[in-house]
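Visitor: give me the fold of what follows.
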Amino acid sequence: MTGVLDFESAEIVRLMNIAEDDWTEQELKDALQRAIMLELSTIPPYATALWSITTRDDKEPVFHGIKEIIFDEMSHFGLVCNMLTAIGGDVVLNDPLTVPKYPGELPGGVNPGLEVFLSGLSRDSAALFAAIEKPEHPLAFAPDGNTIGAFYTRIAKVFPTFEGLIHDRNQVTFNLSSHGTGNDIVPMTSLDAVLHAIEIIKAQGEGTEASPENPFPGRPDELAHYYVFMEIAKGKKLVQDPVTGKFDFNGAEVPLPPTAPVGRVPRGGWAGDPGNAPDPNTAKDLHEFNVHYSTMLDKLQHAWSVPTGQGGAFIGQAIGQMGAMRTSARKVNAVKLPADPRFTYGPEWLLVPLP
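Guide: Numbering: from 1, shown residues only. Prediction:
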């Protein structure tokens with residue numbers, strides 16, 4: 001790989017500056033590993049915000065919306081992993097250099113200058129999430145090309161050159177269709193399957209050039225990720241003017257649900273934060289979360305390291321670890337920060353050695 005094992009490099013920027021006809025097989029593999037890292041990097045901030053909500057009512061629109069987005073991201077992650085193994089690449093997940101770092105920028109140089117942080121749900125964190133999901137062809141502002149969608153568009157244009165590499169290698173199948181019509185993790189055994197998967201990934205995150213709706217929804221009239229987060233950030237529903245046809249966030253109120261006031265997690269975890277070093281019990285709970293997170297990554301690594309048909313069991317185990325992470329997160333969310341008791345601890349999402 002050409003520097004792929006470095007979350008904080010500008011590898012995506014470099015790839016986007018190479019003419020499509022000049023990409024090599026290795027560069028396509030590198031691009032897919034970067035896409036995997038991008039998908040994985042969205043889950044910690046979204047889940048930290050979701051788990052800070054104290055009502056946990058699936059009928060509450062904000063809670064349900066964020067939860068479904070996380071399942072979409074898990075599906076996107078799985079589809080891209082299948083793309084990489086289908087062309088002979090090896091998925092790398094549990095390496096210290098590939099795991100997300102917070103606070104910090106998105107991997108590869110996407111959306112440069114955007115600092116992604118871990119905190120409880122707020123208007124500010126929802127605005128951050130909307131910026132992460134910024135559309136390639138937005139309905140409300142001028143495109144700038146520095147988007148995840150633009151990167152996927154480039155991958156889709158390059159992939160046909162390497163169609164001959166696609167084969168049934170280490171493909172994982174997993175049913176997530178209850179969370180959206182396009183959410184099953186399916187094998188990438190043809191170019192058509194790859195291009196359709198990229199269409200799903202882009203449309204669920206961004207909507208389309210004509211509509212903010214998710215064309216692969218879990219529920220009718222479900223919006224794409226960007227617009228869900230913008231409604232939360234602005235506190236208003238997105239509506240379309242019946243005369244002009246333009247969309248704007250000036251509809252009904254979108255109230256925030258009750259949340260634990262989770263503070264922004266410092267780089268490297270709470271132990272290095274002056275005044276907020278955790279007591280032994282809290283340190284134990286924080287470590288417990290990190291062990292579950294590291295185990296989840298380990299299970300996902302195994303899922304794409306075994307022959308086709310054998311990885312689904314590891315996906316199920318990884319989802320089980322995520323349930324344990326949710327329990328651990330809510331434990332630490334209940335503990336006030338010593339230096340500023342207006343806020344509480346939040347999970348650190350650190351890779352730690354496993355027994």
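Visitor: who does the lengthiest helix in the chain touch, helix- and strand-wise?
Guide: The helix that spans the most residues within the chain, counting by DSSP state H, is helix 25-52. For helix 25-52, the packing partners by 3 or more C-beta pairs under 8 Å, 6 or more residues apart in numbering; DSSP states H and E come out as helix 11-16, helix 61-86, helix 123-132, helix 148-158, helix 312-332. All C-beta atoms are positioned from the backbone trio N, CA, C, and that covers glycine.
Visitor: so for Val265, which of the ones you listed sits nearest?
Guide: helix 312-332 (9.9 Å; C-beta to C-beta).
Visitor: got the angle for that closest one vs helix 25-52?
Guide: 40 degrees (axes from the mean of the first three to the mean of the last three C-alpha atoms, to 10 degrees).
Visitor: what about the helices in the stretch 251-355 of the chain?
Guide: Here the stretch 251-355 of the chain has its helices, by DSSP state H, counting those that start in this stretch, at 280-303, 312-332.
Visitor: which residue, neighbours along the chain excluded, lies closest to Leu84?
Guide: Leu32 (4.1 Å; C-beta to C-beta, 6 or more residues apart in numbering).
Visitor: so what does the nearest residue to Ala10 once chain neighbours are set aside have for phi and psi?
Guide: Of all residues not flanking Ala10 in the chain, Gly109 sits nearest, at 3.6 Å (C-beta to C-beta, 6+ apart). Dihedral angles of Gly109 (phi, psi; degrees, to the nearest 10) stand at phi 90, psi 10.
Visitor: next, count neighbours for Gly109.
Guide: Neighbour count of Gly109, defined by other C-beta atoms under 10 Å: 20.
Visitor: Glu8 is in contact with that one, correct?
Guide: No: with contact defined as C-beta atoms under 8 Å, Gly109 does not reach Glu8; the gap is 9.3 Å.
Visitor: what stretches of the protein score poorly on pLDDT?
Guide: 1-5, 136-146, 207-210 (pLDDT under 70).
Visitor: tell me, what residue is most central in it?
Guide: Thr42 (2.7 Å; C-alpha atoms, centre = their mean).
Visitor: which residues does the residue nearest to it when sequence neighbours are not counted contact?
Guide: Distances taken as C-beta to C-beta, 6+ apart place Glu73 nearest to Thr42, at 5.1 Å, with adjacent residues excluded. Taking C-beta atoms under 8 Å, 6 or more residues apart in numbering, we find Glu73 in contact with 39, 42-43, 46.
Visitor: for Ile132, state which of the residues you listed is nearest.
Guide: Thr42 (6.1 Å).
Visitor: one step back: could I get the helices and strands packed on helix 25-52 as CSV with distance to Pro242?
Guide: Shown next, in CSV, are the helices and strands packed on helix 25-52 (distance: least, C-beta to C-beta, whole Å):
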stretch, distance to Pro242
helix 11-16, 39
helix 61-86, 23
helix 123-132, 25
helix 148-158, 28
helix 312-332, 42
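Visitor: buried deepest among those helices, which one?
Guide: The highest mean neighbour count among the helices and strands packed on helix 25-52, using mean count of other C-beta atoms under 10 Å, belongs to helix 61-86: a mean of 23.
Visitor: separation between Glu288 and Thr259?
Guide: 22 Å (C-beta to C-beta, to the nearest Å).
Visitor: my guess is Asp30 meets Glu11, correct?
Guide: Yes: the criterion here is C-beta under 8 Å, and Asp30 meets it with Glu11 at 6.5 Å.
Visitor: quick one on the thing from earlier: buried ones in the longest helix of the chain?
Guide: 27-52 (16 or more other C-beta atoms under 10 Å).
Visitor: off-centre distance for that helix?
Guide: 5 Å (C-alpha atoms, centre = their mean, to the nearest Å).
Visitor: what's the answer for stretch 348-355, then?
Guide: So, by C-alpha atoms, centre = their mean, the centroid of stretch 348-355 is 19 Å from its chain's centroid.
Visitor: hey, C-alpha coordinates of that stretch in PDB?
Guide: C-alpha atoms of stretch 348-355 as PDB (Å, rounded to 0.1, in the frame of the first residue of the first chain):
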ATOM      1  CA  GLU A 348     -12.900   7.700  24.400                       C
ATOM      2  CA  TRP A 349     -12.900   5.300  21.400                       C
ATOM      3  CA  LEU A 350      -9.300   4.300  21.900                       C
ATOM      4  CA  LEU A 351      -7.600   1.200  20.500                       C
ATOM      5  CA  VAL A 352      -6.200  -0.800  23.400                       C
ATOM      6  CA  PRO A 353      -4.300  -4.200  23.500                       C
ATOM      7  CA  LEU A 354      -6.500  -7.200  23.900                       C
ATOM      8  CA  PRO A 355      -5.800 -10.100  26.200                       C
END
